[in-house]
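1. sequence unavailable; structure follows:
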């Protein structure tokens with residue numbers, strides 16, 4: 001969840017134990033022009049095995065990191081501006097699979113609670129976008145199992161002004177300088193950086209709110225952000241800055257989570273298995289389709305943001321930058337286990353080993369004996385689906 005720390009979302013999860021088809025005036029729905037699509041047959045036919053509407057709960061507002069699911073929304077979709085949802089036929093390779101897909105925004109649309117908490121309150125949610133460290137934190141009380149990770153690497157990073165710090169190349173350089181590192185309150189990666197000796201505890205300032213004002217007025221600080229957004233936004237959309245930034249991905253220094261892995265409630269894994277066997281390969285293919293041709297999905301994402309009109313801004317310029325950056329930096333890439341969307345169980349276990357103590361130190365109850373198989377499975381992954 002962007003700018004909302006993992007500890008806060010897990011705590012929120014612990015505290016949480018009629019479709020809008022009327023007139024647009026009442027429901028806030030808008031409908032895209034309907035274009036017929038061919039019906040899928042065989043392996044891509046989801047009707048009869050999947051829910052009539054596959055509901056995907058995202059962790060934040062619409063953005064390119066969520067492209068894999070938005071790209072499955074076919075012609076004739078509706079945008080519910082009140083509930084912040086986009087619903088349409090689930091289409092792959094131009095063929096209608098026989099079911100619908102509904103992508104729901106996170107953040108303010110779900111009261112800034114965690115996706116896990118939302119999934120346990122609203123059982124209509126089929127899949128939720130949950131990072132591996134988030135799954136570690138919720139496993140004791142609200143267990144989820146990741147079934148596919150369309151992003152292979154977290155886009156989170158620390159950035160700095162190259163003019164103020166011309167010699168810096170890495171986060172370690174920033175740490176050695178003693179510069180202030182501005183992050184959101186409670187983010188787990190701050191403790192990770194301290195534990196690794198990359199930054200000192202006294203450097204950490206947990207006052208980041210997502211606003212650019214601190215960085216713009218004090219360019220000597222280091223600030224958290226996303227490699228898929230801030231470098232473009234600061235250079236092209238923040239007039240008070242209007243120049244490049246430099247950064248290093250947190251994934252390069254040990255933040256090895258699978259970000260926003262699509263997950264089910266663990267108790268529903270068995271009953272959803274027939275659906276997931278067909279749906280997961282479609283999700284894998286959809287992410288590759290997006291990277292190869294991002295423009296249509298980026299237009300839909302920008303349209304949804306504009307129609308939601310809830311204070312979140314996201315231009316097609318940012319979306320196009322994100323698409324190229326995700327490919328360039330390996331954020332969307334084949335996993336070490338082989339296929340795109342796959343999850344290396346050794347890596348999942350290493351996330352548990354790294355973040356369970358960090359989260360426990362922050363007051364989160366960790367399931368005893370937690371293992372990779374408790375929070376992720378690769379049984380539905382098509383190992384033949386890979387990037388070109």
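-> Nice, thanks for sending it over. Keep in mind that this is a model prediction, so the values were computed, not measured. Numbers count the residues shown, from 1 in each chain.
2. tell me how the chain divides into domains.
-> By the record's domain assignment, the chain is partitioned as 6-152+257-375, 156-253 (automatic domain parsing).
3. dump those to JSON lines, plus mean neighbour count, distance to residue 382 and mean pLDDT.
-> Using the backbone N, CA and C atoms, a C-beta is placed for each residue, glycine as well. JSON lines is the format used below for those (neighbours: other C-beta atoms under 10 Å; distance: least, C-beta to C-beta, whole Å; pLDDT from 0 to 100):
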{"stretch": "domain 6-152+257-375", "mean neighbour count": "20", "distance to residue 382": "4", "mean pLDDT": "91"}
{"stretch": "domain 156-253", "mean neighbour count": "18", "distance to residue 382": "25", "mean pLDDT": "97"}
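4. now the ones you listed in JSON lines, with distance to residue 383?
-> JSON lines is the format used below for those (distance: least, C-beta to C-beta, whole Å):
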{"stretch": "domain 6-152+257-375", "distance to residue 383": "5"}
{"stretch": "domain 156-253", "distance to residue 383": "23"}
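5. figure out which of these is closest to residue 381.
-> domain 6-152+257-375 (5.0 Å; C-beta to C-beta).
6. can you name every helix or strand that the strand of greatest length in the chain contacts?
-> In the chain, ranked by residue count with DSSP state E as the criterion, the top strand is strand 95-104. Other helices and strands packing on strand 95-104, by 3 or more C-beta pairs under 8 Å, 6 or more residues apart in numbering; DSSP states H and E, are strand 38-39, strand 53-57, helix 67-70, strand 85-92.
7. what sits against residue 124?
-> Neighbouring residues of residue 124 by C-beta atoms under 8 Å, 6 or more residues apart in numbering: residue 55.
8. pairing partners for the longest strand of the chain, with directions?
-> strand 38-39 (parallel), strand 53-57 (parallel), strand 85-92 (antiparallel) (DSSP bridges).
9. next up, the contacts around residue 129.
-> 56-59, 66, 106, 115, 260-263.
10. from residue 262, how far off is it?
-> 6 Å (C-beta to C-beta, to the nearest Å).
11. what sits in contact with each of the two?
-> Here residue 129 and residue 262 share the contacting residues residue 56, scored by C-beta under 8 Å, 6+ apart.
12. specify the local secondary structure of the nearest residue to residue 241 once chain neighbours are set aside.
-> What sits nearest to residue 241 in space, not counting adjacent residues and going by C-beta to C-beta, 6 or more residues apart in numbering, is residue 234, at 4.7 Å. At residue 234 the chain is in helix, as set by DSSP: H, G, I helix; E, B strand; the rest coil.
13. the chain: helices as residue ranges?
-> Along the chain, counting by DSSP state H, helices occupy 6-15, 24-27, 67-70, 115-121, 132-138, 171-177, 188-195, 213-217, 230-236, 269-292, 295-308, 316-328, 345-361, 372-375.
14. figure out which of the strands paired with strand 95-104 is closest to residue 122.
-> With C-beta to C-beta, the closest approach to residue 122 among the strands paired with strand 95-104 belongs to strand 53-57: 7.9 Å.
15. and the closest one, how far out from the chain's middle?
-> 15 Å (C-alpha atoms, centre = their mean, to the nearest Å).
16. give me the contacts around it.
-> Strand 53-57 is contacted by residues 46, 69, 87, 90, 99-104, 106, 110, 115, 118-119, 122, 124-129, 262, 275, 279 when judged by C-beta under 8 Å, 6+ apart.
17. also stretch 290-303?
-> 62-64, 66-68, 70-71, 73, 77, 79, 86, 314-316, 319-320, 323, 326-327, 332, 387-388.
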